[in-house]
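*Asks:* here is my input, please return the structure:
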Amino acid sequence: MPKKGGNKTRINADFTLNDSANAPKPVGRVKKSVKPDANPVASWEDLEDNEYDVLEEIDTDGNSQLLFVKKQNSTHTSDEVFEGVVYPEIVWYLISKFVKPEDVGKFALINKATYAITKRESFWRQMYYKYCKNHPRLPEKLKIENSFVTYGLRQRVIRGLFYTYRKFFQSTLQNIECSPHKLIRRRCVSVWYCKLRSNWSIFFKLKRQTVDQKLSVDKINFLQELGRVDANPDEGCKVLQVTCLSLNEVPPLMGMALCSVNVSLTQGLIHQRVNLGFTSGICNGVQNIVPERSIVIDSVLNMNVYDWWHPRYPFSDTILPSAMKDEELAPVLRHDFFTPLNGHKYKL
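*Replies:* All right, here's what the predicted structure looks like:
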């Protein structure tokens, strides 16, 4: 008996390169019924003359070669300008009330209006009242309820957020930078130490160098400076805390730049030894600088690096701008301070 079945139709089409050599996947066997290619490869006879430009290229040997370059569509030019919607500033001001602390940077990058809003006193006071006010962890020196000073308001609120805002506070507990090698090429602002129960802590305050930090008295407008919400004297500063067992003397290093850091083990392989090299010159972009003075700290227990916004950063009240010359630029160290006395070198 003949088999029952539907009518089968076969498609006879040409076998093209897209079915073998130009196929995206290896082809082991061609099917009996092959559908025609949706985008067949055009032959040279099918190409129009207006679609391509013929260019002649001559190489160094003097041989010429013809190149066929497809013409650009004149209807779509790269100089087209698409006009967008410009919202009034009041719209961005209302949206700023719902901006979270971790999204302030993204909000300021939207346009000029949002950037200007983040420079206003009302924006940071609103951020303070929403996340910092009456919080039990907020220190007394960071409270601004009864303060009408606008100078440095932004950095005070940011410091307060790292005490009160949960996401920021947890980041300070989990991510503590311990490597001092990233502080190279920073200039020392101050050095101090404090006595703990059974050890000592030495603090090095290092500031990122800028091209020109000198301010002329004639160019300073103190009324404008007093109204700067974004003023931050500690911008670009980090503090290196070195905790050690004993302390002899801390030499003055103000004005010198950190150029080398060496961390090794002591002879007993119990504690670390830190060798800090300082130079009085400028070491921007220069590597392998020979330090003018070296400080060796033995019996080191641990090292921590704190940014200016970290709760453990030694923060003092914001000082108003001064018209005096920046003392951080020139070294105040005597040339013969590190000269060995009686054959002994300074060692901490």
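*Asks:* who are the packing partners of the longest strand anywhere in the chain?
*Replies:* Secondary structure of the chain per DSSP state E: the longest strand is strand 293-307. With contacts taken as 3 or more Cβ pairs under 8 Å, 6 or more residues apart in numbering; DSSP states H and E, strand 293-307 sits against strand 237-244, strand 272-279. From N, CA and C alone the C-beta is placed, and that goes for glycine too.
*Asks:* in CSV, list those strands along with mean neighbour count, distance to residue 177 and mean pLDDT.
*Replies:* Shown next, in CSV, are the helices and strands packed on strand 293-307 (neighbours: other Cβ atoms under 10 Å; distance: least, Cβ to Cβ, whole Å; pLDDT from 0 to 100):
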stretch, mean neighbour count, distance to residue 177, mean pLDDT
strand 237-244, 20, 8, 90
strand 272-279, 19, 15, 87
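*Asks:* make TSV out of those strands and add distance to residue 131.
*Replies:* Formatted as TSV, these follow (distance: least, Cβ to Cβ, whole Å):
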stretch	distance to residue 131
strand 237-244	24
strand 272-279	38
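*Asks:* which positions within the longest strand of the chain qualify as buried?
*Replies:* Within strand 293-307, the residues that count as buried by 16 or more other Cβ atoms under 10 Å are 293, 294, 295, 297, 298, 299, 300, 303, 304, 305, 306.
*Asks:* same check on stretch 158-167?
*Replies:* For stretch 158-167, by 16+ other Cβ under 10 Å, it's 158, 159, 160, 161, 162, 163, 164, 165.
*Asks:* and which of those residues is nearest residue 127?
*Replies:* residue 161 (7.6 Å; Cβ to Cβ).
*Asks:* the closest one belongs to a helix?
*Replies:* Yes. Residue 161: assigned to a helix according to DSSP: H, G, I helix; E, B strand; the rest coil.
*Asks:* what separation do you get for it and residue 191?
*Replies:* Residue 161 sits 29 Å away from residue 191, going by Cβ to Cβ, to the nearest Å.
*Asks:* for residue 224, same thing?
*Replies:* 33 Å.
*Asks:* now residue 303
*Replies:* 15 Å.
*Asks:* what's the answer for residue 208, then?
*Replies:* Distance from residue 208 to residue 191, by Cβ to Cβ: 17 Å.
*Asks:* same deal with residue 282?
*Replies:* From residue 282 to residue 191 the distance is 20 Å (Cβ to Cβ).
*Asks:* and residue 122, by the same measure?
*Replies:* Remark: distance between residue 122 and residue 191 (Cβ to Cβ) = 40 Å.
*Asks:* more neighbours: which of those two?
*Replies:* residue 191 (17 against 12; other Cβ atoms under 10 Å).
*Asks:* so what's that one up against?
*Replies:* If a contact means Cβ atoms under 8 Å, 6 or more residues apart in numbering, then residue 191 has 202, 203, 204, 205, 250, 251, 252, 253, 254 as its contacts.
*Asks:* mind doing that once more with 10 Å?
*Replies:* 202, 203, 204, 205, 206, 240, 250, 251, 252, 253, 254, 295 (Cβ atoms under 10 Å, 6 or more residues apart in numbering).
*Asks:* please apply the same query to residue 163.
*Replies:* Residue 163 neighbours (Cβ under 10 Å, 6+ apart): 131, 132, 135, 136, 137, 138, 139, 142, 169, 172, 311.
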